[in-house]
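>>> Sharing a sequence plus its predicted fold:
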Amino acid sequence: MNIEAKDLQTALIEASKQLECSVIDLEYEVIQHAKAGFFGLFKKNAIICIKGHKKTQKVHNEKPKKNQNEKFNKYSQKNFEKNEYKKEYKENFQKPIENIAQPKEHYKVKNDAIFDSFHKESSEEKNIVSYINEIKISLENLLATFDFDIKVVQVSVWDETCVLIKLDGEDAALLIGKEAHRYKAFSYLLYNWLNAKYKIQPRLEIAQFLENQTQAIDSYLKILIEKVENTGRVQTKPLDGIWLKLALEKLRERFPDKYVAIKQNDDQRYIVVNDFLKKNE
């Protein structure tokens with residue numbers, strides 16, 4: 001009998017229910033191990049073949065009868081512990097007061113320098129170039145666990161706080177996904193990793209996807225830039241992910257003397273461009 005489930009534990013539990021026995025009594029063979037896949041792709045369930053189960057016999061344990069010697073020993077032990085407790089209580093609470101209120105020993109720290117660095121970040125800036133090889137090797141090891149034909153083409157410095165990561169291959173489109181939902185998810189994964197470990201941000205390029213999106217953003221921003229030049233202000237449509245970041249970078253670069261910021265309305269985020277308000281206004 002074969003049983004298929006999302007994981008091995010669920011399959012064993014289902015088998016124990018059908019055979020009305022304990023999981024530990026099952027005799028089975030694993031035909032296929034469960035595999036989570038990547039972003040919902042290549043997912044596999046666990047499959048086991050049930051060969052049978054062990055018959056468990058109920059063992060009725062009779063309570064051993066205690067003889068009089070055991071009862072006597074237990075009673076004597078309790079009396080001994082009770083007398084010891086009373087003796088200890090008298091010794092502790094009948095001590096002179098001066099012995100109880102002893103002055104506390106004063107500890108002096110010889111060097112306070114160790115405490116000065118607890119809440120201080122190192123003033124030495126780490127060189128981002130030193131991380132490049134380590135990041136590339138980690139990415140190659142990560143992609144090796146996927147069932148995709150995707151390779152790390154380039155890992156280089158983009159600016160002082162950002163690294164450019166280029167991926168490409170026959171299955172690169174699968175990593176982008178419909179409406180770029182896998183691209184966003186993988187970008188967030190890289191950001192959480194790189195920001196937490198190296199305090200830097202990724203700029204992810206998968207098979208010229210980022211380049212194409214940049215060109216689309218440029219075409220969209222041309223109309224907005226004209227409106228800013230004519231009216232002095234503008235508001236973008238709701239943007240998300242890489243589009244929000246690209247638009248923000250380009251608008252701030254184009255209008256360094258204006259207020260360019262991200263605003264949020266419910267679950268939607270957009271960019272506003274306006275003049276800085278003066279104190280007298």
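Great, that's in hand.
>>> Tell me which stretches of the chain form helices.
For the chain, helices defined by DSSP state H occupy the ranges 8-19, 68-93, 97-100, 113-116, 132-144, 172-176, 181-198, 209-231, 241-254.
>>> okay, the ones you listed in CSV with mean pLDDT, mean neighbour count and distance to Val153 next?
Every C-beta, even on glycine, is put in place using the N, C-alpha and C of the backbone. Output for the helices of the chain, formatted as CSV (pLDDT from 0 to 100; neighbours: other C-beta atoms under 10 Å; distance: least, C-beta to C-beta, whole Å):
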stretch, mean pLDDT, mean neighbour count, distance to Val153
helix 8-19, 85, 16, 38
helix 68-93, 58, 10, 75
helix 97-100, 46, 7, 75
helix 113-116, 44, 9, 45
helix 132-144, 93, 14, 10
helix 172-176, 89, 18, 10
helix 181-198, 91, 15, 15
helix 209-231, 89, 14, 13
helix 241-254, 86, 17, 18
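>>> To Asp267, which of these lies closest?
helix 241-254 (13.0 Å; C-beta to C-beta).
>>> Which neighbouring elements make contact with that closest one?
Here helix 241-254 touches helix 181-198, helix 209-231, strand 259-265, strand 268-274, going by 3 or more C-beta pairs under 8 Å, 6 or more residues apart in numbering; DSSP states H and E.
>>> Centre of the chain to stretch 24-34, how far?
Mean-position distance between stretch 24-34 and its chain equals 31 Å (C-alpha atoms, centre = their mean, to the nearest Å).
>>> again with stretch 23-36
29 Å.
>>> and Leu143, what does it touch?
Ile150, Lys151, Val152, Leu167 (C-beta atoms under 8 Å, 6 or more residues apart in numbering).
>>> returning to what we had before: please render the helices of the chain as TSV that adds distance to Val260 to the earlier fields.
Converted to TSV, the helices of the chain look like this (distance: least, C-beta to C-beta, whole Å):
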stretch	distance to Val260
helix 8-19	52
helix 68-93	73
helix 97-100	70
helix 113-116	39
helix 132-144	30
helix 172-176	28
helix 181-198	22
helix 209-231	10
helix 241-254	5
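>>> And these: which comes nearest Asn265?
Taking C-beta to C-beta, helix 241-254 is the member of the helices of the chain nearest to Asn265, at 13.5 Å.
>>> Now that closest one - C-alpha only, CSV.
Taking Å, rounded to 0.1, in the frame of the first residue of the first chain, the C-alpha atoms of helix 241-254 are listed here in CSV:
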residue,chain,number,x,y,z
GLY,A,241,9.5,47.2,-5.8
ILE,A,242,12.2,48.0,-8.3
TRP,A,243,10.0,50.5,-10.2
LEU,A,244,9.6,52.6,-7.1
LYS,A,245,13.3,52.6,-6.4
LEU,A,246,14.3,53.4,-10.0
ALA,A,247,11.8,56.3,-10.2
LEU,A,248,12.9,57.7,-6.9
GLU,A,249,16.6,57.6,-7.9
LYS,A,250,16.0,59.3,-11.2
LEU,A,251,13.7,62.0,-9.9
ARG,A,252,16.0,62.9,-7.1
GLU,A,253,18.9,63.1,-9.5
ARG,A,254,16.9,65.3,-11.9
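>>> mind putting the helices and strands packed on helix 241-254 in a markdown table, distance to Met1 included?
Conversion of the helices and strands packed on helix 241-254 to a markdown table gives the following (distance: least, C-beta to C-beta, whole Å):
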| stretch | distance to Met1 |
| --- | --- |
| helix 181-198 | 38 |
| helix 209-231 | 48 |
| strand 259-265 | 55 |
| strand 268-274 | 53 |
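>>> re earlier: show the buried residues in the contacts of Leu143.
Using 16 or more other C-beta atoms under 10 Å as the burial test, the contacts of Leu143 include Ile150, Val152, Leu167 as buried.
>>> Just to be sure, which of those residues are found in strands?
Val152, Leu167 (DSSP state E).
>>> can I get the buried ones among the contacts of Leu143 in TSV with distance to Leu244?
Conversion of the buried ones among the contacts of Leu143 to TSV gives the following (distance: C-beta to C-beta, whole Å):
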residue	distance to Leu244
Ile150	25
Val152	26
Leu167	21
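>>> Just list the residues touching the nearest residue to Asn195 once chain neighbours are set aside, thanks.
Once flanking residues are discounted, Asn195 sits nearest to Gln201: 6.3 Å by C-beta to C-beta, 6 or more residues apart in numbering. Gln201 is in contact with Thr161, Cys162, Val163, Tyr191, Leu194, Asn195, counting by C-beta under 8 Å, 6+ apart.
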